[in-house]
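Visitor: Give the three-dimensional model of this entry:
(one chain, ligands or ions: 1)
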Amino acid sequence: MIIETLSVFPEVFEGYMSASIMGRAQRFGHLSFCAHDLRDWTHDRHRTVDDEPYGGGAGMLMKAPPIYEAVTSIAAAVPEVKPHVIFFTPTGAPFTQRTAERLAREERLLLVCGRYEGMDERAYALADERISIGDFVLTGGELAAMVVADAVCRLIPGVLGDDMSSKDESFSGGEGGGLLEYAQYTRPAVFEGAAVPEVLLSGDHARVAAWRRRDALERTCRWRPDLIESAELTEEECALARQLVERYREGGA
Ligand code: ADE
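Guide: Here you go, the predicted structure:
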């Protein structure tokens, strides 16, 4: 997978993208990452990328021409693989694990990051999609691009070791069936007076699996009842979920 970014602050990607799992993914050849500087496609002395909005209003907008030139020239640099072009904006479609799974099947992503008060609307003509990472406003799209790159990278086959599967975690349609992930514990067995649930020390795999399923269901009912509707539940779990959601809604512990 090739992931490229286009932004006026390409240096902000360095640390995060070369650390930990994303760094290793690059060293092992699963991921090729490149941060492009939008100012490389300007032609004036000040390398201008923004301008005042027509019609007035506060702040500056990113100009369409440098973005257009940059995206077309970056795409042409690897002509055999057309990039899937994503623009980041709070007005985009909400980013979810499902989006990450879909994007992980692309061969090449170009993540275009806005700054200032947004972009000239005509720049979005280059976008295959617009993504928002949440209902809040960042000072720029760089963090959003890193969020997406991170969530996508760990889904690329081979990036997580076999011992770090992404199959049964929160939000994955996999073994978790759309529930939040169950609670996990490691040593010590008792910490600050809180003991690890006895069943997890029992070595009884069936009981452990049953406890985890129930815990995932309880946590989802408590913290994210909105996920219950689309979770894959048995009839029995469905009935239990209804009771739990009700109990937590009433402020039960
Ligand atoms: N740029 C500014 N805020 C953003 C958000 N919430 N998501 C994506 N891009 C953004």
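Visitor: Need phi/psi at the spatially closest residue to G140 that is not a sequence neighbour.
Guide: Of all residues beyond its chain neighbours, the one nearest G140 is R115 (4.3 Å), with distances taken as CB to CB, 6 or more residues apart in numbering. C-beta coordinates here come from the backbone N, C-alpha and C atoms, glycine included. Backbone torsions for R115, taken as degrees, to the nearest 10, come to phi -140, psi -180.
Visitor: which residues does R115 contact?
Guide: Counting by CB atoms under 8 Å, 6 or more residues apart in numbering, R115 touches 7-9, 49-50, 62, 139-141.
Visitor: and of those residues, the nearest to F95?
Guide: Nearest to F95 out of these is G141 (CB to CB; 11.8 Å).
Visitor: Verify the contact between R212 and Y182 for me.
Guide: Yes - contact status for R212 versus Y182: in contact at 4.0 Å, counting by CB atoms under 8 Å.
Visitor: now the strands for the stretch 51-200 of the chain?
Guide: Applying DSSP state E, counting those that start in this stretch to the stretch 51-200 of the chain gives strands spanning 61-62, 84-94, 108-113, 129-132, 190-191, 194-195.
Visitor: how about the longest one, does it reach the ligand?
Guide: Think strand 84-94. Yes - using CB under 6 Å from any ligand atom, we find that strand 84-94 touches the ligand at 88-90.
Visitor: Show me what that strand is packed up against.
Guide: helix 97-103, strand 108-113, strand 129-132, helix 142-153 (3 or more CB pairs under 8 Å, 6 or more residues apart in numbering; DSSP states H and E).
Visitor: 10 Å - rerun?
Guide: strand 2-7, helix 64-77, helix 97-103, strand 108-113, strand 129-132, helix 142-153 (3 or more CB pairs under 10 Å, 6 or more residues apart in numbering; DSSP states H and E).
Visitor: Quick one: closest of those to A231.
Guide: Nearest to A231 among the helices and strands packed on strand 84-94 is helix 97-103 (13.1 Å), distances taken as CB to CB.
Visitor: Around the ligand, which positions in the stretch 101-250 of the chain sit nearby?
Guide: Residues of the stretch 101-250 of the chain lying close to the ligand (CB under 6 Å from any ligand atom) are 114, 132-134, 136-138, 141, 144.
Visitor: any weak-confidence spans in the stretch 51-200 of the chain?
Guide: Applying pLDDT under 70 to the stretch 51-200 of the chain flags the ranges 163-164, 168, 173-174.
Visitor: what do you get if the cut-off is 90, keeping everything else the same?
Guide: For the stretch 51-200 of the chain, applying pLDDT under 90 flags the ranges 115-117, 161-176.
Visitor: What residues sit buried inside the longest helix along the chain?
Guide: Assignment by DSSP state H gives helix 205-223 as the longest helix of the chain. Neighbour counts over helix 205-223 (16 or more other CB atoms under 10 Å) mark 208, 211-213, 215-222 as buried.
Visitor: so what secondary structure elements neighbour it?
Guide: Right, helix 205-223 is packed against helix 235-249 by 3+ CB pairs under 10 Å, 6+ apart.
Visitor: Closest one to A195 out of the residues of the stretch 101-250 of the chain next to the ligand, please.
Guide: G134 (36.0 Å).
Visitor: okay, now the closest one: neighbour count?
Guide: 11 (other CB atoms under 10 Å).
Visitor: which ones are touching it?
Guide: The contact partners of G134, taken as CB atoms under 10 Å, 6 or more residues apart in numbering, are 90, 94-95, 144, 147.
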